[in-house]
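S.K.: Give me the fold of what follows.
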Amino acid sequence: METIPKSECQKIGFIRKTHGVHGELVLEYEQEFEESVAEAQRFFLEIDGLLVPFFVAEDGLRFRSAK
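M.R.: Predicted structure coming up:
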């Protein structure tokens, strides 16, 4: 299995919290990455030092403005 080196990744934000009962996550990201986030089909989260892929559901992402 091939892995993606961390040196080829860029931190865009962090998981603020989980949401709901369907595995939804609240991602807080830097504004400069908004277009990249909107087009992403997957994200990699670092868990226990490993990059783990999380795929965007078929119905896509939901955005909300900061309060």
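S.K.: And for the helix or strand hosting Glu28, what's in contact with it?
M.R.: Using DSSP states H and E, Glu28 sits in strand 24-29. Contacts of strand 24-29 from elsewhere in the structure, counted by Cβ atoms under 8 Å, 6 or more residues apart in numbering, are Ile12, Gly13, Phe14, Ile15, Arg16, Lys17, Thr18, His19, Val37, Phe43, Phe54. In short, each C-beta sits where N, CA and C put it, glycine included.
S.K.: Now the buried members of these.
M.R.: For the contacts of strand 24-29, a burial check counting by 16 or more other Cβ atoms under 10 Å picks out Ile12, Val37, Phe43.
S.K.: Could you list the low-pLDDT ranges of this protein?
M.R.: When the per-residue scores of the chain are filtered using pLDDT under 70, the ranges that remain are 1-2, 64-67.
S.K.: Does the spatially most central residue of it lie in a helix or a strand, and which?
M.R.: When the chain is reduced to its mean C-alpha position, the nearest residue by Cα atoms, centre = their mean turns out to be Phe43, at 4.2 Å. Element membership for Phe43, per DSSP H and E: strand 42-47.
S.K.: ok, and for that strand, which residues are buried?
M.R.: Buried positions in strand 42-47, judged by neighbour count with 16+ other Cβ under 10 Å: Phe43.
S.K.: Show me the contact partners of the helix or strand following that strand.
M.R.: Elements were assigned by DSSP H and E; along the chain past strand 42-47, the next helix or strand is strand 50-55. Residues lying outside strand 50-55 but in contact with it, judged by Cβ under 8 Å, 6+ apart, are Thr3, Ile4, Lys6, Cys9, Leu25, Gln41, Arg42, Phe43, Phe44, Leu45, Glu46.
S.K.: Can I get the residues you listed in TSV including distance to Glu58?
M.R.: Supplementary listing: the contacts of strand 50-55 in TSV, determined by distance: Cβ to Cβ, whole Å:
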residue	distance to Glu58
Thr3	26
Ile4	23
Lys6	28
Cys9	24
Leu25	16
Gln41	10
Arg42	13
Phe43	16
Phe44	19
Leu45	20
Glu46	25
